[in-house]
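>>> Just to be clear, the model below is a prediction. Sequence and coordinates:
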Amino acid sequence: MGMTVVEKILARAAGRDAVKAGDVLEPKVDLAMSHENAALVISQFEAIHEGTGIEARPWDPSRIAIIFDHRVPAESPKTATNQKKIRGFVTQHGISKFHDVRGDVGGICHQILPEYGYVRPGFVIVGTDSHTTSHGALGAFSFGVGATEMASAWTLGYAVNIEVPATIKVVVKGDFAPMVGPKDLILHLIGVLTAQGANFRVLEFHGETIRKMTTSGRLAICNMSVEAGATSGIVPADGETMRYLREEAGVTDAIAPVTPDADAVYERVVEIDVSALAPQIACPHTVDNVKDIALVAGKPVQQIVIGSCTNGRLDDLAIAAGILRGKKVAEGTRMLVFPASGKIFGQAMDKGYIQDFMKAGAVVMNSGCGPCLGVHEGALGDDETALSTTNRNFKGRMGNPKSEVYLCSPAVAAASAITGVITDPRQA
Amino acid sequence: MSKVIIKLEADISTDDIYPGRYMATVLPTETPQFCFANRTELNEKLRAGQFPKGSAIVADHNFGCGSSREQAASALKGYELNIVARSMSRIFLQNAINLGLNVVLCPAIEAEEGHDLDIQVDKVTNLTTGKTFDTVRLPEARQAIIDAGGLVPYTRKRLLESVR
């Protein structure tokens, strides 16, 4: 019986010839990622070792990555103290895949990991962040865990008691219309599957549309797979994966792509044709409340956000800058732009996108998660509406339960910034 | 016996259970004060100790969706609540098991605020209506962590076994 790509990855990581959905195993961890919540991982890691007489040392510091992004620069003494504690741990154990609050090598964890070549096809990756699903874009099995589960992985070097998830095959065909792209595809798919439709399952992406998609677009769709409940999204590695790793991530050592067997067993197959897909909007307050833009166009918005681990990459900024160039952000609307990493920020400066944004009246912020999770930067007032390229619109997500958040692509966000109302970029 | 303190709709996110602005607070001794912080009345009642230990939250499908923040589970654990949901998100369910929060998957549960429940591993009885509902048993692999009292003691045991 054939195996899906995740079954193959897990079989290798657990030292087995074959596995199938439902099997319980303990895969070796190739990469273990945390952000500021490493503070809690460290305290749980120490708790595990308490009373054992065994020194609390991570199993392999070279496989641990820690990236500050959720609250950068620190918004409170408490965060600053957490970050200080983590820096001490990083130094003590020689953790080299550490990205501090910096304008050059800093950024959002889900951008930094692929950008620096930390992610490889076939890897088992755990991250203390639900959007760790992103790294499936490079053919890895990558999933979110809580802090205690991470502390357990730091201790043992493998994930304990993992059930092999069933896989839903998603086959995508057709060419996107102008101003429609990967974000619209994933929002549409979440609407089709619902917020729980892929719970405990993997979404394995196939089809001509995916093959033609750049790694940036694949990162966006794998990133938001968790919004349908998926354990992970994954695009089996192909030529584009190799191109990205060699040319953009600078990887020079051997890469071993893993692909599914032709007779792999899928729980079901979902087929999508994007040829006629319109820009999609996820309306408050669940990500699966997805509508064609025509149904919500004209809705006034007070804050536009472009950025996040979903849509803060160079191609996202290029689309938005192209729409805003020479135009002005509408009065009564404020626009915040968060490039996903210092590297992308630099590239966007070189290409003039940052200047385009600022001349249009947008505020360009430092790389990081920004207002996405309602911690700092860009809180919403009572009864205000945000239109954002981020990934969640839960009630109170941007810090105020009396506000609302609509999710969209960078093209829709930029077109709407000019008008101050939700606007179809095809008509802008 | 567990009294239902609140009945919640589907897709309750961990942002709802534990809002992002309190995520710099990580210690299980400190997180309970921010449990359901955006639901002012519920939060105040929790903090005032108005609900006895073992009280229940009943929820529709996909409880705990969204962020992996473990504070959501530790905040609920702080009040020793029972969570009875029609289904739960993967990460929240795992975090709950890892921290020893009592969670029950009960796909057909019907209960209202104020009802009394008898919560067993294999079934939940609504003592107010007299109806009984089957639970979905957790996989054996999960049971080992529950039996150990959570993932910290479980991993400690595995660590000690590995160096023997």
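Now that the structure is in, tell me what you want to look at.
>>> Tell me which residue lies nearest the centroid of chain B.
B:Ile83 (4.0 Å; C-alpha atoms, centre = their mean).
>>> Beyond the longest strand that chain B contains, next helix or strand please.
Looking across chain B with DSSP state E, the single longest strand is strand B:2-8. Next along the chain after strand B:2-8, taking DSSP states H and E as the criterion, comes helix B:14-17.
>>> so A:Arg120 touches A:Arg246, yeah?
No - counting by C-beta atoms under 8 Å, A:Arg120 sits too far from A:Arg246 to count as a contact (11.9 Å). For glycine as for every other residue, the C-beta is placed from the backbone atoms N, C-alpha and C.
>>> Looking at the two, which is more packed in?
Counted by other C-beta atoms under 10 Å in any protein chain shown, A:Arg120 and A:Arg246 do not tie: A:Arg120 has more neighbours, with 25 against 13.
>>> For the strand or helix carrying A:Gly88, list every residue counted as buried.
Using DSSP H and E, A:Gly88 sits within helix A:77-93. Across helix A:77-93, burial judged by 16 or more other C-beta atoms under 10 Å in any protein chain shown covers A:Lys78, A:Thr79, A:Asn82, A:Gln83, A:Ile86, A:Phe89, A:Val90.
>>> re earlier: does the longest strand of chain B reach chain A?
No - Strand B:2-8 lies out of reach of chain A by C-beta under 8 Å from any C-beta of the partner chain, never closer than 12.3 Å.
>>> list the helices and strands that strand packs on?
helix B:40-47, strand B:56-59, strand B:116-119 (3 or more C-beta pairs under 8 Å, 6 or more residues apart in numbering or on different chains; DSSP states H and E).
>>> right, so of those, which gets closest to chain A?
helix B:40-47 (9.3 Å; C-beta to the nearest C-beta).
>>> For that closest one, buried residues please.
Those would be B:Leu42, B:Asn43, B:Leu46, for helix B:40-47 by 16+ other C-beta under 10 Å.
>>> Using CSV, lay out those residues together with distance to chain A.
Converted to CSV, the buried residues of helix B:40-47 look like this (distance: C-beta to the nearest C-beta, whole Å):
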residue, distance to chain A
B:Leu42, 12
B:Asn43, 12
B:Leu46, 17
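>>> Identify, from these, the entry nearest to B:Met88.
For these, the residue nearest B:Met88 by C-beta to C-beta is B:Leu42; the value is 19.2 Å.
>>> That closest one is in contact with B:Ile6, isn't it?
Yes - the pair B:Leu42 / B:Ile6 is scored as a contact, 6.2 Å apart, by C-beta under 8 Å.
>>> before we move on, the earlier item: contacting residues around the longest strand of chain B?
Residues from elsewhere that reach strand B:2-8, judged by C-beta atoms under 8 Å, 6 or more residues apart in numbering or on different chains: B:42, B:45, B:51-52, B:54-60, B:63, B:81-82, B:111-119.
>>> Could you give the backbone dihedrals for the closest residue to A:Ala282 other than its chain neighbours?
Taking C-beta to C-beta, 6 or more residues apart in numbering or on different chains as the measure, A:Ala282 lies nearest to A:Leu407, with 3.9 Å between them; neighbours along the chain are not counted. Main-chain torsions, A:Leu407, degrees, to the nearest 10: phi -110, psi 140.
>>> ok, which stretches of the stretch 251-400 of chain A are strands?
Using DSSP state E, counting those that start in this stretch, the strands of the stretch 251-400 of chain A run over A:268-273, A:280-282, A:290-292, A:303-307, A:334-338, A:363-364, A:385-388.
>>> which residues are there in the stretch 301-428 of chain A that come within reach of chain B?
So the stretch 301-428 of chain A meets chain B at A:Leu373, A:Gly374, A:Val375, A:His376, A:Arg392, A:Phe394, A:Lys395, A:Gly396, A:Arg397, A:Gly399, A:Pro401 (C-beta under 8 Å from any C-beta).
>>> wait, isn't the second one in contact with A:Met398?
Yes - with contacts defined as C-beta under 8 Å, A:Gly374 counts as touching A:Met398 at a distance of 4.8 Å.
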